[in-house]
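Undergrad: predicted model and sequence follow; I will ask about them next.
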Amino acid sequence: MIFAIILLVLLGLSLLVNFSQLAGSVVRVSGSRSVGNSRVSGPRLEETVLEDNSRPSAKIAVIDVNGVITGSPMNQDGYSMVDVIKAQLDRAQEDNRVKAVILRVDSPGGEVLASDEISDALKNFQTGKKSNGSDSENGKAKPVIVSMGNLAASGGYYISAPCRYIVANKMTITGSIGVIMHGFNYRGLLDKVGVAPEVYKSGKFKDMMSPTREPEEITQEERDMMQNLINEVYGDFKDVVKKGRGDAHEKNKSEGHALADNWTDYADGRVLSGTEAEKLGFVDEVGNFQTAVARAKSFGGISGDANLVQYPERYDLSDLFHLFGESKAQQSVKIDLGFDAPKLQEGHLYFMSPILSH
């Protein structure tokens, strides 16, 4: 009897898995669209109501940017934070009832490339285009209002700068305008344990930033090359801030703040409170999420109430049971240190600030 019960349970689980996979494949196919002879797909999104004010004719879309900004895939579907945010912007662009977007940022920054892609997508959205810069069927420019949370610094500020209006809480940590690249040199440790690296290279600079080189082998020419790269990206960061805040002030006039004449003196990697950032023109107003909602209504031409909506990714049973198919090689042990440290990769450029909490 016990053996029969076990078989029935296993049979039930097998049928459930097969059904969920079939349902998931149907959802994926139905969620894609055809362009010419090819089929285009992306993150599966569903609209959820964050705040229902019984006014379906007007919506404000809320898009969250939480944690380290990265272009790495977040799940088994292979889509990254950048992919999801772009899809959410396109969804908001396609809906004529969406009059404005609130970008809710709580991030210490992240990868330079991922931050730049999100920044470009926001610029395109506000000109009435799709996130990739192509023409949209709707083609209507819609404002993006930033609502900063605990932390909106470095890359978090980089993606905020091109937006129409920025609201920060007085306790928000923002700023940290700068670029960082880090690495570790463990040659001394290798020498202590008797490990000698052997390197074969095609050019004298091929092993730049190698963690196994003697520190005295690193030439001044190499250091200058890396610093020039950092300076170039840093210059791009300042250009994004200058143009983004300048364009916003032209549209906002007295409703916002212009950059202070000496703003570049504060673009040296230091962090600022929301109050300090407002004085320097890095943000337009000190307030909370409801302040951003009020601004979104104003700039979006909404009179009265509007529904606040979000576009989270849609998951089904196939995603749940996909976990059972993970190989043991992909499993890892996580040690809880009391906080989640950002996963920085050596040799990558980052717009990253210190993570502060209290």
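TA: Yep, it's here. Numbers count the residues shown, from 1 in each chain.
Undergrad: which strands or helices does the longest helix along the chain pack on?
TA: Longest helix in the chain by number of residues (criterion: DSSP state H): helix 220-252. When contacts are defined as 3 or more C-beta pairs under 8 Å, 6 or more residues apart in numbering; DSSP states H and E, helix 220-252 packs onto helix 112-126, helix 155-158, strand 165-168. Backbone N, C-alpha and C define where each C-beta goes, glycine included.
Undergrad: tell me the first helix or strand C-terminal of the longest one.
TA: Put plainly, it is helix 112-126. Counting by DSSP states H and E, the next helix or strand C-terminal to helix 112-126 is strand 144-153.
Undergrad: can you tell me the strand partners of that following strand and which way each runs?
TA: Sheet partners assigned to strand 144-153 using DSSP bridges are listed as strand 98-107 (parallel), strand 165-168 (parallel), strand 173-175 (parallel).
Undergrad: before we move on, back to that, most neighbours per residue, which of the helices and strands packed on helix 220-252?
TA: helix 155-158 (a mean of 31; mean count of other C-beta atoms under 10 Å).
Undergrad: for that helix, which outside residues touch it?
TA: Applying C-beta atoms under 8 Å, 6 or more residues apart in numbering, the contact partners of helix 155-158 are 65, 69, 105-112, 114-116, 119, 148, 174-177, 237, 240-241, 282, 350-353.
Undergrad: phi, psi of Asn53?
TA: When read as degrees, to the nearest 10, the backbone of Asn53 gives phi -110, psi 20.
Undergrad: how close does it get to Ala306?
TA: Separation of Asn53 from Ala306 (C-beta to C-beta, to the nearest Å) stands at 6 Å.
Undergrad: what about those two, which has more around it?
TA: Ala306 (23 against 14; other C-beta atoms under 10 Å).
Undergrad: give me the neighbour count for the closest residue to the more buried one other than its chain neighbours.
TA: Nearest residue to Ala306, sequence neighbours excluded (C-beta to C-beta, 6 or more residues apart in numbering): Ala58, at 4.1 Å. By the criterion of other C-beta under 10 Å, Ala58 has 19 neighbours.
Undergrad: for the spatially most central residue of the chain, give its distance to Gln93.
TA: Centroid-nearest residue in the chain, with C-alpha atoms, centre = their mean: Ile69, separated by 3.9 Å. Distance, Ile69 to Gln93, using C-beta to C-beta: 21 Å.
Undergrad: repeat for Leu11
TA: The value you get for Leu11 to Gln93, if C-beta to C-beta is used, is 47 Å.
Undergrad: okay, Asn75: pLDDT?
TA: As predicted, Asn75 sits at a pLDDT of 71.
Undergrad: surely it is in a strand?
TA: No: using DSSP: H, G, I helix; E, B strand; the rest coil, the secondary structure at Asn75 is coil, not a strand.
Undergrad: neighbours of Asp265, how many?
TA: 10.
Undergrad: Three-state assignment for it, please.
TA: Secondary structure, three-state DSSP: Asp265 is helix.
Undergrad: begin at 33 from here
TA: In the new count, where the first residue is 33, that last one comes out as Asp297.
Undergrad: pLDDT weak spots in this protein?
TA: Applying pLDDT under 70 to the chain flags residues 49-73, 87-88, 348-380, 382, 385-390.
Undergrad: change it to 80
TA: 44-73, 86-88, 107-109, 170-171, 347-390 (pLDDT under 80).
Undergrad: how far does stretch 240-256 sit from its chain's centre?
TA: Distance of stretch 240-256 from its chain centroid, counting by C-alpha atoms, centre = their mean, to the nearest Å, is 32 Å.
Undergrad: Arg327 looks like it's in a helix, true?
TA: Yes: counting by three-state DSSP, Arg327 is part of a helix.
Undergrad: can you tell me how far it is from Ser151?
TA: Taken as C-beta to C-beta, the span from Arg327 to Ser151 is 20 Å.
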